[in-house]
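Q: I would like the atomic coordinates for the input below:
(one chain, ligands or ions: 1)
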Amino acid sequence: MKLISKSNKLEGVCYDIRGPILDAARKMEDEGHRILKLNIGNPAPFGFAAPEDILKDVIHNLPTAQGYSDASGIYAARVAVMQYYQQQNIKNISVDDVFIGNGVSELIVMAMQALLNNGDEVLIPSPDYPLWTAAVSLSSGTPVHYKCDEQSDWFPDIDDIRSKVSSNTKAIVLINPNNPTGAVYSRELLQQIIELAREFNLVVFSDEIYDKILYDGAKHTCIASMADDLFFITLSGLSKNYRIAGFRAGWLLVSGNKLIARNYIDGLNMLASMRMCANVPCQHAIQTALGGYQSINDLIVDGGRLKIQRDIASKMLNDIDGISCVVPKGAMYCFVKVDAEKFNITNDEQMILDLLTKEKILLVHGKAFNFTEGCYFRLVFLPHKDELEMAIKRIGNFFSYYKQV
Ligand code: PLP
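A: The predicted structure is shown next:
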């Protein structure tokens, strides 16, 4: 019998957040072990409930949401997204500039498929949320990683970005607030990126899915509000800010100099039409979410659940000998450095596998975020205080005896 193989398109496409280690964890669960999964930023299983109004509205609209919507989404959701960005000072946008998708994930892939030709290069942060790298590779582009610097609160290194620009560079991707580092970029930094994008005619993609999850008074700035002459694509959705990742509701906004991008926007419209539309019942959540009570704010202030857990995670991790992390200013992750020399670590994936086997805790290794320097892991600080403390104690215990052979 002839074997059936994955297509050549998938060669070099990598998405290790749900990779081989997750398979090992599933196998252990099948054998009866209880695994503490701190590997995926999915708030609902950790008891973060969706705002009540959103659920009510989706249920209320269910009977009338049985047909396809417009390919770019229902009108009310697109108006709500447009207004959300108008309030953030993005000028000259209309409902036609908004595309609703099945989560930001679908829109990232669509946006890259519509843009890239063979060999086009896209600047992507390292570490990154790896779907960006995967989507560029899948779309026959070449991901070129620029360095984010731990010594500068994980801000992108502008000189490194500049050194990576070539005549094939088409776009730059920002993830702000950042997954996995938790960095929230300053206006000054964003201004430098704008100047660079202007100099080299780059499309600017900004993934802002954590734009409301901010700590210690950090302020998020939507880069698309800072210039009118460049072409921007801003993405966000309901998965994190509103804790409803399973609804698969996200959006993409095109803004700035849309005149130069007419043909590309036609391409986006065609790809949107080819998949008919996003899940219609859950599109109804968008207007209510953006216009309603912003309960995320109760979770991120002093005394709020996410803030408490952020504090516990960063303090306890930094107290472990041989381990350190920059305290995240946004999102829901700690990106943790491990002293590779001390533990004789040459393979970070093996380290995470060993932690899983010994302590029944599942994390994601740094290389899964396309970060090849040193040894790192990402921890999701979504579990309740007691469970989080127990998990980090076990991580501390692991590093008290661990030596990679
Ligand atoms: N972008 C970033 C930076 C993310 O961290 C995630 C999910 O973790 C996504 C996009 C995908 O989000 P969605 O659930 O909207 O597909």
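Q: Same question for the lengthiest helix in the chain: list its buried residues.
A: Ranked by residue count, the top helix of the chain under DSSP state H comes out as helix 385-401. Along helix 385-401, the positions that meet the burial threshold by neighbour count (16 or more other CB atoms under 10 Å) are 388, 391, 392, 395, 396, 398, 399. Bear in mind the C-beta positions are built from the backbone N, C-alpha and C, glycine included.
Q: Give me the pLDDT for the closest residue to the third one other than its chain neighbours.
A: The spatially closest residue to residue 392, leaving aside those adjacent along the chain, is residue 316, at 4.2 Å (CB to CB, 6 or more residues apart in numbering). Residue 316 is assigned a predicted lDDT (pLDDT) of 98.
Q: Residue 211 now?
A: 98.
Q: okay, now it: neighbour count?
A: Residue 211: 22 surrounding residues under other CB atoms under 10 Å.
Q: coming back round to it: distance between the longest helix of the chain and the chain's centre?
A: Centroid displacement of helix 385-401 relative to its chain, using CA atoms, centre = their mean, to the nearest Å, is 25 Å.
Q: So which residues make contact with that helix?
A: Here helix 385-401 makes contact (CB atoms under 8 Å, 6 or more residues apart in numbering) with 36, 38, 308-309, 312-313, 316-317, 319-323, 338, 343, 354-355, 358-361, 363, 379, 381, 383.
Q: A helix includes the residue nearest to residue 392, no?
A: Yes. Secondary structure assignment (DSSP: H, G, I helix; E, B strand; the rest coil) places residue 316 inside a helix.
Q: quick one: contacts for residue 215?
A: Applying CB under 8 Å, 6+ apart, the residues contacting residue 215 are 300, 306, 307, 310, 328, 329, 330.
Q: try residue 404
A: Remark: with contacts taken as CB under 8 Å, 6+ apart, residue 404 is in contact with 343, 344, 345, 346, 347, 350, 351, 354.
Q: Buried subset of those, written for PyMOL?
A: Buried members of the contacts of residue 404, identified by 16+ other CB under 10 Å, are gathered into one PyMOL selection as follows:
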select buried, resi 343+345+351
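Q: Count the neighbours of the residue nearest to residue 392 for me.
A: The local packing count at residue 316 equals 19, with neighbours defined by other CB under 10 Å.
Q: Can you name the residue of the stretch 201-350 of the chain nearest to the ligand?
A: residue 239 (3.4 Å; CB to the nearest ligand atom).
Q: Local confidence estimate at the residue in the stretch 51-200 of the chain that the ligand sits nearest to?
A: Closest approach between the stretch 51-200 of the chain and the ligand, counting by CB to the nearest ligand atom: residue 103, at 2.7 Å. Among the per-residue scores, residue 103 shows a pLDDT of 97.
Q: thought it was touching residue 252?
A: No. With contact defined as CB atoms under 8 Å, residue 103 and residue 252 do not form a contacting pair (10.9 Å).
Q: quick one: contacts for residue 125?
A: 145, 146, 148, 156, 173, 174, 175, 178.
Q: repeat for residue 168
A: 119, 120, 121, 142.
Q: how near is it to residue 381?
A: As defined by CB to CB, to the nearest Å, residue 168 lies at a distance of 39 Å from residue 381.
Q: ok, now residue 16?
A: Taking CB to CB as the criterion, residue 16 is separated from residue 381 by 20 Å.
Q: Which of these two has more residues huddled nearby?
A: Each of residue 16 and residue 381 has its neighbours counted (other CB under 10 Å); residue 381 has more, 26 against 17.
Q: Quick check: the gap between the more buried one and residue 123.
A: 29 Å.
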